[in-house]
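Colleague: Structure of the sequence below:
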Amino acid sequence: MLRFGILSTAKIGRELVVPAIQDAENCVVTAIASRDLSRAREMADRFSVPHAFGSYEEMLASDLIDAVYIPLPTSQHIEWTIKAANAGKHVLCEKPMALKASEIDAVIEARDRNKVLISEAFMVTYSPVWHKVRSLLNEGAIGKLRHVQGAFTYYNRDAGNMRNKPELGGGGLPDIGVYPTISTRFVTGKEPIRVQANTDRDPEFGTDIYSSVRADFGDF
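Modeller: Okay, the predicted model is just below:
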């Protein structure tokens with residue numbers, strides 16, 4: 001049984017990931033960590049989790065957990081993924097793991113050095129539906145793939161939300177623009193050879209709020 005610790009009391013963990021882990025047959029949530037111990041205990045009590053920690057470092061140092069789920073703001077993903085790996089914990093980190101491709105090399109090095117598993121929490125790569133799509137494309141069951149079109153949008157004007165704070169990794173592309181990209185890359189097994197984008201930024205927040213992106217994957 002894989003024992004998970006949850007690094008923060010973020011909404012996505014509370015509402016989606018923790019209940020899913022608790023429902024699984026091969027893992028369990030053993031600990032919740034927050035910079036505020038009372039918040040960690042409140043969430044732990046809600047899900048009948050036995051342990052609560054008042055700091056992330058304290059939980060990573062504990063032998064009560066085998067793995068961590070990291071739903072922190074995007075700007076903190078690399079830092080805490082590496083810290084968790086260095087503590088000998090397996091890592092499931094919310095997407096996107098990094099804001100720059102160059103940051104991934106340090107994660108790979110930490111993974112290999114500590115002999116742990118590190119995975120980015122994209123539902124696409126785990127969903128049976130998307131595995132079936134990839135299989136159908138590989139078999140040519142729906143003919144030759146020529147074009148993929150995707151759109152993702154929502155309305156959010158909350159100044160306190162991390163998605164509207166550039167310093168925390170906010171913006172439309174890091175939050176939801178990654179989904180059309182990861183879906184296409186996953187089902188085709190290909191990487192784009194050329195990318196063009198037009199982006200508008202919010203005059204108040206400074207985050208990207210609209211992007212039109214064309215990615216050329218070559219010959220499918």
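Colleague: For the rest of this, base every contact and every neighbour count on C-alpha atoms.
Modeller: Will do.
Colleague: What sits closest to A52 if chain neighbours are left out?
Modeller: I32 (4.9 Å; C-alpha to C-alpha, 6 or more residues apart in numbering).
Colleague: tell me what the helix or strand that contains the one you found is packed against?
Modeller: Assigned by DSSP states H and E, I32 belongs to strand 27-33. Secondary-structure packing of strand 27-33 (3 or more C-alpha pairs under 8 Å, 6 or more residues apart in numbering; DSSP states H and E): strand 2-7, helix 18-23, helix 37-46, strand 51-53, helix 56-60.
Colleague: With mean neighbour count added, can I get these in TSV?
Modeller: Output for these, formatted as TSV (neighbours: other C-alpha atoms under 10 Å):
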stretch	mean neighbour count
strand 2-7	24
helix 18-23	16
helix 37-46	18
strand 51-53	23
helix 56-60	19
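Colleague: Any idea which of these gets closest to D216?
Modeller: Taking C-alpha to C-alpha, helix 18-23 is the member of the helices and strands packed on strand 27-33 nearest to D216, at 35.8 Å.
Colleague: Send me that closest one as PDB with only the CA atoms.
Modeller: In PDB, the C-alpha atoms belonging to helix 18-23 read as follows (Å, rounded to 0.1, in the frame of the first residue of the first chain):
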ATOM      1  CA  VAL A  18      -7.500  13.200  -2.000                       C
ATOM      2  CA  PRO A  19     -10.900  11.500  -2.500                       C
ATOM      3  CA  ALA A  20      -9.600   9.700  -5.500                       C
ATOM      4  CA  ILE A  21      -6.500   8.400  -3.600                       C
ATOM      5  CA  GLN A  22      -8.700   7.300  -0.700                       C
ATOM      6  CA  ASP A  23     -11.000   5.400  -3.100                       C
END
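Colleague: From the chain's centroid, how far away is it?
Modeller: Centroid separation between helix 18-23 and its chain, computed with C-alpha atoms, centre = their mean, to the nearest Å, is 16 Å.
Colleague: which residues are contacting that helix?
Modeller: C27, V28, V29, F47 (C-alpha atoms under 8 Å, 6 or more residues apart in numbering).
Colleague: distance of the nearest residue to N26 once chain neighbours are set aside from Q22?
Modeller: For N26, ignoring the flanking residues on the chain, the nearest one in space by C-alpha to C-alpha, 6+ apart is M1 at 5.1 Å. In this view, M1 and Q22 are 11 Å apart by C-alpha to C-alpha, to the nearest Å.
Colleague: Mutual contacts of these two, please.
Modeller: V28.
Colleague: Confirm P180 sits in a helix?
Modeller: Yes. The assignment for P180 by DSSP: H, G, I helix; E, B strand; the rest coil puts it in a helix.
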